[in-house]
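Predicted model and sequence below, questions to follow.
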Amino acid sequence: LVVDDEKINIRLIENICKDEPLYKIVAAESGMQAIDIVKSQHIDLILLDIEMPGMDGFQTLEKLRKITDAPVVFVTAYKDYKLIARARKMGVEDYITKPFLPIVFLETLYGIIG
C-alpha cells in the first residue's frame, strides 16, 4: 500500500515496481483512505508519506497500528533525525528519503518483504 497525497509519487513507485511480479501496488491518497483499504484487504507492506493534509503520516500510523501489524516504511522528503527517531520508536521498519534511487527503493523492499 502506497500512501501519498501526491499522485506523481504514487505513479513513480508504481513505475519502479512494474517489473516486479511479486508486488501489487495499492494506492491511497490520504490517511483515511489508507485505513479504509487496510480494513478491507490484506496488505503486506505500507509505504507511508509523512506530510499529508488532514492526517499526517504519524497520525495515520497510530490508527493503522490498531488494525494491522504490517511493516511500515516512511517515504518522505524529511531528513530530520528527530523525526527518524520518532518513527523508529513507533515501530517503523525503515525510512526512505525523497528523492531516492529506484535501486535503493527496491533493495529496501526486498529487505523487508523479499
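Looks like it arrived, so ask away. Numbers count the residues shown, from 1 in each chain.

other SSEs contacting the lowest-mean-pLDDT helix or strand in the chain?
Least confident helix or strand of the chain, by mean pLDDT, DSSP states H and E, is helix 81-89 with a mean of 87. When contacts are defined as 3 or more C-beta pairs under 8 Å, 6 or more residues apart in numbering; DSSP states H and E, helix 81-89 packs onto strand 94-97. (C-beta placed from N, C-alpha, C; glycine too.)

Identify each buried residue in the helix or strand that comes right after the strand it packs on, please.
Note on strand 94-97: by DSSP states H and E, the next helix or strand toward the C-terminus is helix 102-113. Residues of helix 102-113 classed as buried by neighbour count (16 or more other C-beta atoms under 10 Å): 105, 108, 109.

From these, pick the one nearest residue 99.
Distance to residue 99 across the buried residues of helix 102-113 (C-beta to C-beta) is lowest for residue 105, with 10.2 Å.

wait, doesn't the closest one sit right on residue 15?
No: under the criterion of C-beta atoms under 8 Å, residue 105 is not in contact with residue 15, lying 10.8 Å apart.

Pull the contacting residues for residue 2.
9, 10, 13, 14, 25, 26, 27, 28, 47, 75 (C-beta atoms under 8 Å, 6 or more residues apart in numbering).

secondary structure element for the nearest residue to residue 95 once chain neighbours are set aside?
Excluding the flanking residues, the one nearest residue 95 by C-beta to C-beta, 6 or more residues apart in numbering is residue 74, at 4.9 Å. Assessed by DSSP H and E, residue 74 sits inside strand 72-76.

Cool, thanks, signing off.
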